[in-house]
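K.L.:
Any chance you can model this:
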Amino acid sequence: MRQRPRIGALGVGWIGRHRLERVVESGAADVVGLADASPAALDAAAPVAPDARLVSSLEDLLALDLDGLMIATPSAQHAEQCVAALGCGLGVFCQKPLARTAAETRQVVAAARAADRLLAVDLSYRHVTGVAALRDLVRGGALGDVFAADLVFHNAYGPDKAWFYDPVRSGGGCLIDLGIHVLDLALWALDFPAVDAVDRDLRAGGAPLAPGGVEDFVAARLVTDGGASLRLGCSWRLHAGQEAVIEASFYGTRGGASLRNVDGSFYDFVVDHHEGTARRRLAAPPDAWGGRAAVAWARRLARDPSFDPEVERVVDVARALDRVYGRE
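P.N.:
Okay, here's the model as predicted:
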């Protein structure tokens, strides 16, 4: 592997461009190619990597002698594009969800394992400062037996692209778009217990979700094989009095720990350790966490491009999502 891997970016809308900017700023890789079906998106991203070649397709990117590929396209395309890139010997960094279902997710992970190539998913909230310390509190026993968690991601807005509202193209609505983040945090912090039972209520426009639609509100309860109760709520366009409500709180027999957003912000978080009525702050803004997952992938790609078994855990997250959707 070259000291600075050559990477391309497939999909350079807002999120793809933001992650690309962080990788360029880090100096972890050389960006040599950009592709997007939208000429306007390509024009907006071109100044981020002025030496990159602008192309229109994955096939064009794969012809550029790449070491790695960043993917930020509609969700239905992720699995096929990841498998194609991995099969060509590239490491891959993909936006969440890695795929629409657990079955598709297994296929992508299997392709990475067979190719022995690095695969990572942008589950970016793991990289908020203080969240690793929160995980250590949960896993290390400082909270005692963790028996409950509250997981919330309410967004006052809804997506502005039509594909989000097509279940074939998206895999689902607010759960797979937003709820995946806090559900992943919970399973990751708890060291990925199996989910034994799920109660769920999926709605669209206030009514029970109809076949063929996508949900804009979810209330669910997942019970792990260790008996922990995970309460999950997520939504688009909820009248919450602020732009976002984001929380992952864990409760044990000897203490609690939480990640919570500040004043409705999508970007500012506090992380706290609780004991009774006392609170110890572990982290607070400012914290430029948004691109850390992408930078970590690029640095790992330069150091060791081989398969990282940790990515197999995204299958556990996908299975839990499938349980809430009633697909498993």
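K.L.:
Name the residues that touch the strand or helix carrying residue 182?
P.N.:
Under the criterion of DSSP states H and E, residue 182 resides in helix 180-189. Helix 180-189 is contacted from outside by 96-97, 123-126, 131, 134-135, 138-139, 149, 151-153, 193, 222, 230, 232, 234, 246-248, 250, 259, 313, 316-317, 320-321, using CB atoms under 8 Å, 6 or more residues apart in numbering. Quick note: C-beta positions are derived from backbone N, CA and C, even for glycine.
K.L.:
low-scoring stretches of the stretch 151-300 of the chain, by residue?
P.N.:
By pLDDT under 70, the stretch 151-300 of the chain has no low-scoring segment.
K.L.:
how about the helices of it, start to end?
P.N.:
When assigned using DSSP state H, counting those that start in this stretch, the helices of the stretch 151-300 of the chain occupy the ranges 167-170, 174, 180-189, 292-303.
K.L.:
Comparing those, which stretch has the densest surroundings?
P.N.:
A comparison of these by mean neighbour count, using mean count of other CB atoms under 10 Å, puts helix 174 on top with a mean of 28.
K.L.:
gap between that one and the chain center?
P.N.:
Relative to the chain's own centre, helix 174 is displaced by 13 Å; criterion: CA atoms, centre = their mean, to the nearest Å.
K.L.:
next one: stretch 319-328
P.N.:
On the basis of CA atoms, centre = their mean, stretch 319-328 sits 17 Å off its chain's mean C-alpha point.
K.L.:
With stretch 39-50 instead?
P.N.:
Mean-position distance between stretch 39-50 and its chain equals 24 Å (CA atoms, centre = their mean).
K.L.:
thinking residue 36 is in contact with residue 46, fair?
P.N.:
No. If you go by CB atoms under 8 Å, residue 36 and residue 46 don't touch, sitting 10.3 Å apart.
K.L.:
Can you say which of the contacts of helix 180-189 are buried?
P.N.:
For these, a neighbour count by 16 or more other CB atoms under 10 Å gives the buried set as 96-97, 123-126, 131, 134-135, 138, 149, 151-153, 193, 222, 230, 232, 234, 246-248, 250, 259, 313, 316-317, 320-321.
K.L.:
Tell me which entries of those residues lie within strands.
P.N.:
Per DSSP state E, strands hold the following members of the buried ones among the contacts of helix 180-189: 149, 151-153, 222, 230, 232, 234, 246-248, 250, 259.
K.L.:
now, among those, which is nearest to residue 213?
P.N.:
When these are ranked by distance to residue 213 (CB to CB), residue 234 comes first, at 15.9 Å.
K.L.:
residues in contact with the closest one?
P.N.:
152, 153, 154, 174, 175, 178, 179, 182, 217, 218.
K.L.:
got JSON lines for the residues you listed, with distance to residue 308 too?
P.N.:
Converted to JSON lines, those look like this (distance: CB to CB, whole Å):
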{"residue": "152", "distance to residue 308": "30"}
{"residue": "153", "distance to residue 308": "26"}
{"residue": "154", "distance to residue 308": "32"}
{"residue": "174", "distance to residue 308": "29"}
{"residue": "175", "distance to residue 308": "26"}
{"residue": "178", "distance to residue 308": "26"}
{"residue": "179", "distance to residue 308": "25"}
{"residue": "182", "distance to residue 308": "23"}
{"residue": "217", "distance to residue 308": "35"}
{"residue": "218", "distance to residue 308": "30"}
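K.L.:
Mind picking the two most distant members of those?
P.N.:
Within these, 182 and 217 form the most distant pair, 14.8 Å apart (CB to CB).
K.L.:
follow-up on the earlier one: so what's the gap between the helix holding residue 182 and the chain middle?
P.N.:
Centroid separation between helix 180-189 and its chain, computed with CA atoms, centre = their mean, is 9 Å.
K.L.:
In stretch 254-272, which residues are buried?
P.N.:
255, 256, 257, 258, 259, 261, 268, 269, 270, 271, 272.
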